[in-house]
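# what would the 3D arrangement of this be:
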Amino acid sequence: MDQAIGRIVATRSLLYSIVGGSERKTFTICIGEPYLLAEGSVDFAFAPGAAGCSVSFIGLPEKQETVYGADGIQALELAVGAMDAYLRRLSRKYEFFFPDTGEPYIEG
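Numbers count the residues shown, from 1 in each chain. Below you'll find the model as predicted:
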């Protein structure tokens with residue numbers, strides 16, 4: 001179950017275009033503040049102190065993702081690491097670029 005992104009603790013702005021297209025649009029990846037999991041908020045068992053961290057894409061028509069960890073530090077660490085994995089998965093549909101140079105964000 002996705003939680004609202006809440007307070008944003010980190011962002012990265014990039015450009016994207018649909019694969020094969022030429023129009024580039026700006027979007028922002030947002031990592032939300034870790035939050036403690038509550039009973040019934042997820043459909044799996046977890047220990048006290050377990051946390052979730054949301055990764056959302058503002059300006060990119062994709063759904064928010066949530067990463068879970070044993071605590072808030074691990075959830076945040078996993079969310080930062082998962083960001084590039086999500087973009088690699090989405091690179092089947094989109095090409096991503098650095099906004100200042102126009103260079104590809106994902107090589108090869």
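# just checking: what are the partner strands of the longest strand anywhere in the chain?
Ranked by residue count under DSSP state E, the longest strand found in the chain is strand 8-18. Paired strands of strand 8-18, with direction, are strand 25-32 (antiparallel), strand 94-97 (antiparallel) (DSSP bridges).
# state the pLDDT value of Ser41.
Ser41 is assigned 89 on the pLDDT scale.
# do you know how far it is from Phe98?
36 Å (Cβ to Cβ, to the nearest Å). No exception for glycine: its C-beta is placed from N, CA and C like everyone else's.
# just Ala51 next, same as before
31 Å.
# which of those two has more residues huddled nearby?
Neighbour totals were compared for Ala51 and Phe98, and Ala51 leads with 21 against 13 (other Cβ atoms under 10 Å).
# is the more buried one bridged to anything, and to what?
Bridge pairing for Ala51 - DSSP bridges - gives Leu36, Gly69.
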